[in-house]
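Enquirer: Here is the input, now give the coordinates:
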Amino acid sequence: MRQWFALKCTATMLLLGLLTACAQSPQILSVNPKVSGDFPHTGNGQAVALEVVDGRDSSVIGTRSGTASATSTITVEAHDVMPKIRAQAENALRSMGFNPTSQNSGGPALTLTLSELNYARGTAEQPLLGASQLQAIIQAEVDNGGNTYTGRYTAKRSQSYALKPDWDTNNRMVSELLSNALDRTFRDQQLANLLAR
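Expert: Now for the predicted structure:
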């Protein structure tokens, strides 16, 4: 009976260790931002040369543990996220009455730069809970006929949790964060007005 109990305890400890190791494994997200619309309709079919740039220092946006550990990194790769940001920017421009293009023909030009995408340890409001602090910053630069405008659009999110978020939860949170930053960008009336000038 003692051997059975010892074997059961050992198996339980191994299972807990395995679960802990899995909980802290690296995550490579495949985010899917979506613009929500309700943008200023200032365009009249003008072509807008659109460029989308990854201005981050690294594709690693943070760690699940909140400390620098290669085993718990959260990554958003540029080759995955930047085409999706471009597609959503094109959707936003079309809904504003513009015709996005990759060719600059001397008309209005818009450069979007993903300046920051961070996932850091936050402060939980209740004891025994963990928390994450997420932040995305998009910078927009408009050039139209020698007139320029630059805007920085920040989206933040704090998330408390009892168990560290899994891949699906983190993917959803970062997707929503980027969606928020894009919405803030294209709702800027000054940006819309200069594109239409």
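Enquirer: all contacts plus neighbour counts: C-alpha atoms, from now on.
Expert: Will do.
Enquirer: Leu134: what's it in contact with?
Expert: Going by Cα atoms under 8 Å, 6 or more residues apart in numbering, Leu134 touches Leu117, Asn118, Tyr119, Ala120, Lys156, Arg157, Ser158, Val174, Leu177.
Enquirer: one more time with 6 Å
Expert: Asn118, Tyr119, Lys156, Arg157 (Cα atoms under 6 Å, 6 or more residues apart in numbering).
Enquirer: before we move on, what about Val76?
Expert: Val76 touches Leu29, Ser59, counting by Cα under 6 Å, 6+ apart.
Enquirer: ok, and what's touching the host helix or strand of Val53?
Expert: Following DSSP states H and E, one finds Val53 within strand 47-54. Residues outside strand 47-54 that contact it (Cα under 6 Å, 6+ apart): 99-104, 108-114.
Enquirer: let's see it at 8 Å
Expert: 78, 82, 85-86, 90, 98-105, 107-115, 195.
Enquirer: mind putting the contacts of Leu134 in a markdown table, neighbour count and pLDDT included?
Expert: What follows is those, written out as a markdown table (neighbours: other Cα atoms under 10 Å; pLDDT from 0 to 100):
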| residue | neighbour count | pLDDT |
| --- | --- | --- |
| Asn118 | 20 | 97 |
| Tyr119 | 23 | 95 |
| Lys156 | 15 | 97 |
| Arg157 | 16 | 95 |
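Enquirer: ok, those residues vs Thr63, which is closest?
Expert: Taking Cα to Cα as the measure, Tyr119 is the one of the contacts of Leu134 closest to Thr63, at 6.9 Å.
Enquirer: how many degrees apart are the helix or strand hosting the closest one and strand 47-54 in direction?
Expert: Using DSSP H and E, Tyr119 sits within strand 109-121. Here strand 109-121 points in a direction 30 degrees away from that of strand 47-54 (axes from the mean of the first three to the mean of the last three Cα atoms, to 10 degrees).
Enquirer: How about strand 109-121, which residues are buried there?
Expert: The neighbour-count check on strand 109-121 (16 or more other Cα atoms under 10 Å) flags Ala109, Leu110, Leu112, Thr113, Leu114, Ser115, Glu116, Leu117, Asn118, Tyr119, Ala120, Arg121 as buried.
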